[in-house]
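**Student:** Got a sequence here, can you model it:
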Amino acid sequence: MEPRIRVHRLAEQIADRIRAQIVSGELADGDPLPKAEDLLRRYGVSLPTLRESMRVLEAEGLITVRRGRLGGAVVHRPSPANLGYNLGLVLAAQRSDIGDVAAALRQVEPACAALCASRADRATAVVPRLRALHEEYLASVADLPTVVGVSRRFHEALVGLCGNPPLIVLAGALEALWSSHEEGWASRTEPRGVPLRQRHEAGAEHGRILDLIEAGDAEGVHRLVAAHLDAAQRNPTPAGSPSIDLTLLRELMLPPGEPTDAA
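**Tutor:** Predicted coordinates:
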């Protein structure tokens, strides 16, 4: 058994230790935490203290606690979606709206695309992924919810493949926040609400973006992505409301396959 912790606020100290294991990769994404009785023996604390530490980690999005017959805690590695969720809460409290998120993306995503074009290994590390997404877009262009999802993954790849980890995290949080709203909007919009011609035009621009990245034209792709976003971004909210939707943000934080009523 590890030495008994005798410091103020024991729950935070236990959360610190488990958090460090998650961040370091010692506990991988999807791993179950040890059972409560094992953690109690390891840290030598009371059950209420352990439960408080679990609440801290759950509030940070680092674990999901399932209660009942199939109970237990499952690990979630930190991701841009976690940051996107907290960013959305801060922006909502400041009365910012989804249009402000779109404006921020118009600044950072072109910079990420330019970095993609500047990568010496773009032919193997960037272009194949973007090409696969572009082909998937063209194949699903008739299905609005599907093609919106593929389009968002194309734009998220422009960020995720840029090669700069801090920019990937920051821009990825904005992308996750925007995506949660745009995909929610698409699922509630009639297919005729976005003309097929417009979807084909967006796909053609994705193709030109891909070509410029493949050619290593950082300045050209920066200009094109900025213009593309300016023309393509729509207000992805029902009834024209620009507010950040906290329900969509909560869904953003749920792990894949997690029921929305999970306690």
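**Student:** Report the residue spans of the stretch 51-200 of the chain with pLDDT below the cut-off.
**Tutor:** Residue ranges of the stretch 51-200 of the chain with pLDDT under 70: 68-71, 183-193.
**Student:** If you drop the residues flanking it in sequence, what lies closest to the residue nearest the centre of the chain?
**Tutor:** When C-alpha atoms, centre = their mean is applied to the chain, the residue found nearest the centroid is residue 81 (3.1 Å). In this structure, residue 81 finds its nearest non-sequential neighbour in residue 176, 4.6 Å apart by C-beta to C-beta, 6 or more residues apart in numbering. C-betas here are computed from N, CA, C, even on glycine.
**Student:** Residue 228 now?
**Tutor:** With C-beta to C-beta, 6+ apart, the residue lying closest to residue 228 is residue 205, at 4.9 Å.
**Student:** The residue nearest to residue 81 reaches residue 86, doesn't it?
**Tutor:** No - counting by C-beta atoms under 8 Å, residue 176 sits too far from residue 86 to count as a contact (10.9 Å).
**Student:** buried ones in the helix or strand residue 38 falls within?
**Tutor:** With secondary structure defined by DSSP states H and E, residue 38 is part of helix 36-43. In terms of neighbour count (16 or more other C-beta atoms under 10 Å), helix 36-43 has its buried residues at 39-40, 43.
**Student:** nearest to residue 225, of these?
**Tutor:** residue 39 (47.4 Å; C-beta to C-beta).
**Student:** What separation is there between that closest one and residue 46?
**Tutor:** Counting by C-beta to C-beta, to the nearest Å, the gap from residue 39 to residue 46 is 11 Å.
**Student:** Need the phi and psi values for residue 61.
**Tutor:** Main-chain dihedrals, residue 61, degrees, to the nearest 10: phi 80, psi 10.
**Student:** Thought residue 78 was touching it, still the case?
**Tutor:** Yes - with contact defined as C-beta under 8 Å, residue 61 counts as touching residue 78 (7.4 Å).
**Student:** Of these two, give the one with the bigger neighbour count.
**Tutor:** Higher neighbour count among residue 61 and residue 78: residue 61, with 20 against 15, using other C-beta atoms under 10 Å.
**Student:** show me the contacts for the closest residue to residue 104 other than its chain neighbours.
**Tutor:** Residue nearest to residue 104 in three dimensions, not counting chain neighbours: residue 174, with 5.4 Å by C-beta to C-beta, 6+ apart. By C-beta atoms under 8 Å, 6 or more residues apart in numbering, the contact set of residue 174 is 84, 87, 101, 104-105, 108.
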